[in-house]
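K.L.:
my questions concern the predicted model and sequence given below.
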Amino acid sequence: MTKLLLRLFVKDAQNPDSPAVRLAVGKLAGVVGILCNALLCLGKVLAGVFSGSVALVADGVNNLSDAASSVVTLLGFRMAQQPADADHPYGHARYEYISGLVVAALILVIGADLAQSSVGKILHPQPVDTSPVVFGVLIVAILGKLWMSRFFAGLGRHIQSTTLQATSVDSRNDVISSAAVLAGCLVEHFAHLTVDGYVGLAVAVFILWSGVGIARETISPLLGQGADRGLAEKISALILSHEKVLGLHDLLVHDYGPGQCFASVHVEMSAQEDPLACHDLIDEIECQVLEALHVHLVIHYDPVVEDDAEWNAMRQAVEGVVAAVSPRLSVHDFRLVRGAKQTKMVFDLAVPYDMTDQRPALKKQIEEALAQQHGEYLTVIRLDGKA
């Protein structure tokens, strides 16, 4: 069904990285969510009123809030497609993350409200309506929400959207919530035990837990999380595929929302190469990364001396000392600065982020080792972070 709807309502659906496709998929998800939740709300409220089931009416109101979540999703995708302007030169794509955060907040509010009402039912038990109408409506709601969860999850995977994944989890929570209400009705009908409050509390805890997880996933890119490992590997592989590129380092990816990805990297090439030719190659690589990976890449050119015996010898000596201190450390931007009295060895030391608190000790250890082995040089270390 998901593939059929994509073919019918999303032009060029096989190109999920296209901003137009993302917007069309967001519209499709929003419209389907609004219509389905509105129908479920209407059916539950009417069945609850005629059967006298307050729980069913409350579950119908919950579907109304889900329709509101779909409206938020639809608005988020539409606002994310606004072009860049003077105040927002990187575009507005992060609105999609914000809409996902709003959905997470709605999930938390619903979970807290359900927990409160469940505690009230535990303290003041009330019989649950077990009429055939209630059973029928709950079964239809479970099947409908199960399909919606799979539908939103499929769309979310298709365009890599955390917002649609959050909406899918919200629908899954409704499946569990309705199933719990149905289970409570069955237990009361056959065993004559009032467990509605306890079941509701368990469901509320699960909903709160999933809401916190969704909030964490949507907050992380807003705070500036690191590059996806797969994307970083693709960028590196494309750059290193060029024969003149000797190495790269300091790859940083800045995510301003889906379709608005910017990156910077230092690329090493021989200092003997023609600077104009290196500049042309850098332009070519930047265009290739944009076309193939939809990433706006800026490359810093690092010339590397290859025919200097002293440079090569000291570079190997430094790398040996650093590897002996920790194999997780790496060296880049190594150079010799020859002065009137003493030559400096200047290099950047890349230290993993989880070793940040060890940086001063590592730097001191390397400096002392190099001073003992090559005291004729003055060591200057600059510290960098790396994943």
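P.N.:
Arrived safely, thanks for sending.

K.L.:
state the three-state secondary structure for the residue nearest to Pro125 when sequence neighbours are not counted.
P.N.:
Computed as CB to CB, 6 or more residues apart in numbering, the closest residue to Pro125 that is not its neighbour in sequence is Thr194, at 4.3 Å. C-beta here means a position set from N, CA and C on the backbone, and glycine is covered the same way. Secondary structure for Thr194, judged by DSSP: H, G, I helix; E, B strand; the rest coil, is coil.

K.L.:
give me the pLDDT value at Thr194.
P.N.:
pLDDT for Thr194: 75.

K.L.:
burial count for it?
P.N.:
16 (other CB atoms under 10 Å).

K.L.:
lowest average confidence, helix or strand, in this protein?
P.N.:
helix 54-80 (a mean of 75; mean pLDDT, DSSP states H and E).

K.L.:
how much does whichever helix or strand comes after it deviate in direction from helix 54-80?
P.N.:
Next in sequence after helix 54-80, counting helices and strands by DSSP states H and E, comes helix 95-123. Angle, helix 95-123 to helix 54-80, by axes from the mean of the first three to the mean of the last three CA atoms, to 10 degrees: 170 degrees.

K.L.:
give me the mean pLDDT for helix 95-123.
P.N.:
pLDDT averaged over helix 95-123 gives 82.

K.L.:
enumerate the positions of it that are buried.
P.N.:
Neighbour counts over helix 95-123 (16 or more other CB atoms under 10 Å) mark 95-108, 110-111, 113-115, 117-118, 121 as buried.

K.L.:
name the next helix or strand following it along the chain.
P.N.:
helix 132-159.

K.L.:
packing partners of that next one?
P.N.:
helix 2-9, helix 19-51, helix 54-80, helix 162-191 (3 or more CB pairs under 8 Å, 6 or more residues apart in numbering; DSSP states H and E).

K.L.:
lowest mean pLDDT across those helices, which one is that?
P.N.:
helix 54-80 (a mean of 75).

K.L.:
show me how far that one is from its chain's centre.
P.N.:
23 Å (CA atoms, centre = their mean, to the nearest Å).

K.L.:
now do that helix and helix 162-191, the angle between them.
P.N.:
Going by the same axes, to 10 degrees, helix 54-80 makes 170 degrees with helix 162-191.

K.L.:
what's helix 54-80 packed up against?
P.N.:
Using 3+ CB pairs under 8 Å, 6+ apart: helix 54-80 touches helix 19-51, helix 95-123, helix 132-159, helix 162-191.

K.L.:
and with 7 Å instead?
P.N.:
helix 19-51, helix 95-123, helix 162-191 (3 or more CB pairs under 7 Å, 6 or more residues apart in numbering; DSSP states H and E).
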